[in-house]
Structures are given as C-alpha cells and as structure tokens.
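# here are the coordinates; sequence isn't available:
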C-alpha cells in the first residue's frame, strides 16, 4: 500500500498509536480505513467492500447500520445524555438493563454491575472477589486460576488473567496471584491414543494438582470462557466443563464465566454457559451486549458473591470502586434496544441454524493441504493452518502463515482474524447462508493462492 502525503492514512500514521499492531510496520504500510458499514459488510475509503466475518471484534451481533440502535442513542441523548451511578444515584436505562440481565441469566443472579469493556469487567471482578474474601475473613483466599491461551482483557489485572505470551511480554505480567492451567485444546494438547474424555479428565487432574500445590484455601476463583475466543477459538472437549466444575465445587472456589464473546447468542444459545452446562457464580458480559455500538459491559454476581460484599460495604461505609461512565444512560439504552432486536428477530435461533452451515463449511475445508483442523460451535469457528498435517506444524516463525492467509483473504473481500497459526471467523448473528458460502469459497480460493506462493 502506497500512502499518499496528507491523506487520511498518512494522518493516521502521524498521530495514532494502534492496539495489537506492529507500530513500525504500521508506519510503513498504513491502515485500511473503514468508512461505513451495512449489514454484514463494511466498506473502506477506497471503496473496497468486505464481508466482516469477525463482526468487528467478535461483537456486532445485529450487523452494521442498524437504525433502531441509532435512534435509541439519539432519543436517550436528547433526554439524559449522561448521569452517574455513584452515591445512591441512578437512571432508568441502567435500572432496566440491570433488571433485564439478571432475568436473562442462565442461573440465579443477584445484581448487575456496569463497566465499559470486557477488560474492565474482569478487572473489577478481581477487585470484588478480593473484597469478598476479606469480608469473609479469608485474607489468604486471593489467587485466581485462568488457562493458557485464555483471553480476559488487557488491563494490568485482566491481562494477567489472559494466558497469551504477547499480552505479558515487557508489561511485567502476570501480576502475583494469577496462575494458568492447561489449555483445553484437544487437537493440539491431546496425547497419542488419548480420547477427548480422557483429555478432559487430565485437564481436571492438572487443575486439582495446581490447587493442591498452592493450597485450596488460597484459591479464590477460576475464570474461563465457555469457548476460547482470542486464544484461537478453542472448543472444550467432551465432559470438560463437568469435570472442571466438580473440582471447583470440592474446594469452594468461585467460577467466573467470561461470556464477553460467547454471550447473547454466539454459540447458538443465549449464553455459552447454557451450551456447556456451566453454572457460574459470576458472569462477565460485553461486546454483543450493545453490538459494540457504544462501550458497555457488565458483571452479574450471585447472592453468594453479593452478600459478603454488601455487608462489608456497610461496615466500611461505601463500596470504594466505580467508573465515571458505569451504566452510561446512552450506552444502556442502546444495549436494551440491541437485546430487544436479538430476541424479536430470534438471532439466537439464526446463530444456531447458520452455525450448522458455517461449521459444515469450515469442516469441508479440512481436505485442503494447508488445513490441519477446522473447529467451532454456532457462529464462531477457526481453521488451523499447517504445512504438515501429521506433524501439526506450520511455517516459521509462528503466526507467519496465518498472517499471509489473512492478508490474501482480506484482499479477496473477507475480513477474518489471524490468531497464531489459525484464521478465526465470528460473523454478525444476522448472517445468511449465501454469505457463509461466500466466506467458505473465498477462504478456499485464498488458501489456494497461499499454497501456490509457498
């Protein structure tokens, strides 16, 4: 890409530091500037149109350009553009959204607490769990167990929960008290002759061993995504969640379901916890909560979590945490309308139906010489790229192969995401069969191009 002087791309290079980007490479190549979106498509400033097969960042459930969300924002902006939720203040959108989320929860929940991103939700979760342990007179019960390749955000605390090396390198992370257990990726981590259920048993045994080594009385909570997202779309092996939960219950360890990606229909049910029989004490929500039209996230906590926190706040005189924009009225109004659309249009049902089509399409690519595994559930999936199917290895350095495939696929009109040596797909919940066919056909054609260049 040639960047013209004084162009929008040149101005971006001059003034804008990007997330998850090689800054020096960005100086040389510049950005793709997305100008508008409609349905499952986005268009850049050069007029190139793409199927957004990642729903932005796993998040635009109802598609781009949904007028009802624009109208909901404008209406609330005109009535009450901002107010806070500190010191006994509230407003109708936050109250109604809290009520709605507690009612929607797949297991009994007591309260909703609003934050502004998935990272903030998980960071705040850690604070509240530590506060609760102190309230219970268990000051030693402060450690958190996450998983290798899990993704839970990028603040100092939530990035520590994240189990990806580039989220830790040179940030001096993880912080003390955060541990990482086995990644439940059967294709990559399973041993020769080991069944899925045997692998799940080993994952649970690894967790038990970690708990025993650290001391069960020191472990406060375990956090996991029902399906791992940014770690490469890792679908749990059969019986995994059943066995993990048994270990946690045995040691009275809180279970946190990170539903930031899986929540609101992605797996073919309203929550990933329902898909896998998870019974969390805490849920963290974001992304499809508002289809990312405005920043908003939430924690749902059950009475077991809320009670001690409430008691301690009475003793201290306040719960000393909060954000200026917690439960922002415009964001809450948009989230409420977004949830209405998801329910009225049965987008969860569409995710379930179209998910079957997407998974079959990705599975059909497994005969390609460059694909080692196709995996996923509902409208989230990935293909793992290899140069040797039997050895399960790709080009060196790691990630180079997926980066090349991603670039070719984008050139051909489909935006995916390269994660390690995988390409991920997570389209809007409004996706239709014809769009999925285009995604699959374009992916095969792009892999053919890549193969010819190797």
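All right, it came through fine. As the structure is a computational prediction, the values presented were derived from the model and not from experiment.

# quick one: contacts of stretch 182-200?
147-150, 163, 202-203, 206-207, 228, 231-232, 234, 236-240, 243, 372-373, 375, 384, 392 (Cβ atoms under 8 Å, 6 or more residues apart in numbering). In short, each C-beta sits where N, CA and C put it, glycine included.

# just the buried ones from those, in PyMOL syntax?
Here is the PyMOL command that selects the buried residues among the contacts of stretch 182-200 (16 or more other Cβ atoms under 10 Å):
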select buried, resi 147+148+149+150+163+202+203+207+228+231+232+234+236+237+239+240+243+372+373+375+384
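
# select the longest helix from the chain.
For the chain, the longest helix by residue count, based on DSSP state H, is helix 433-453.

# for that one, buried residues please.
Neighbour-count burial for helix 433-453 [16+ other Cβ under 10 Å]: 435-436, 438-440, 442-444, 446-447, 450.

# contacts for that helix next, please.
Helix 433-453 is contacted from outside by 40, 51, 53, 354, 357-358, 361-362, 364-365, 368-371, 383, 385, 401, 404-405, 408-409, 411-414, 416, 423, 425, 427, using Cβ under 8 Å, 6+ apart.

# roughly how far apart are the most centrally placed residue in the chain and residue 453?
Central residue of the chain (Cα atoms, centre = their mean): residue 261, 3.3 Å from the mean position. Note on residue 261: its distance to residue 453, by Cβ to Cβ, to the nearest Å, is 32 Å.

# next one: residue 206
With Cβ to Cβ as the criterion, residue 206 and residue 453 are 40 Å apart.

# and what of residue 2?
Taking Cβ to Cβ, one finds residue 2 at 21 Å from residue 453.

# what of residue 308?
As judged by Cβ to Cβ, residue 308 and residue 453 stand 59 Å apart.

# next: residue 358.
27 Å.

# try residue 269
From residue 269 across to residue 453, the span is 41 Å (Cβ to Cβ).

# same thing with residue 297?
In terms of Cβ to Cβ, residue 297 sits 41 Å off from residue 453.

# how about residue 49?
Residue 49 is 25 Å from residue 453, by Cβ to Cβ.

# could you report the neighbour count for residue 11?
14 (other Cβ atoms under 10 Å).

# and it, what's its pLDDT?
pLDDT for residue 11: 97.

# test my guess that residue 114 contacts residue 290.
No - using Cβ atoms under 8 Å, residue 114 makes no contact with residue 290, being 11.4 Å away.

# inside helices: which ones of the contacts of stretch 182-200?
Those of the contacts of stretch 182-200 lying in helices (DSSP H): 202-203, 206-207, 240, 243.

# now residue 283. Its backbone dihedrals?
Per-residue torsions, residue 283: phi -120, psi 140 (degrees, to the nearest 10).

# isn't it up against residue 256?
Yes - Residue 283 is in contact with residue 256 according to Cβ under 8 Å; the separation is 7.5 Å.

# thought residue 251 was touching residue 214?
No - Residue 251 sits out of contact with residue 214 when judged by Cβ under 8 Å, with a separation of 10.5 Å.

# phi, psi of residue 402?
Backbone torsions of residue 402, given as degrees, to the nearest 10, read phi -70, psi -40.

# need the contact list for it.
Counting by Cβ under 8 Å, 6+ apart, residue 402 makes contact with 385, 394, 418-423.

# taking the residues you listed one by one, which sit in strands?
385, 418-419, 422-423 (DSSP state E).

# now for these: which two are most distant?
Maximum pairwise distance in the ones in strands among the contacts of residue 402, criterion Cβ to Cβ, is 10.6 Å, between 385 and 419.

# neighbour-wise, which of the two wins?
Between residue 385 and residue 419, counted using other Cβ under 10 Å, residue 385 has the larger neighbour count: 27 against 22.

# quick one: terminal-to-terminal distance for stretch 409-424?
One end of stretch 409-424 sits 12 Å from the other (Cα to Cα, to the nearest Å).
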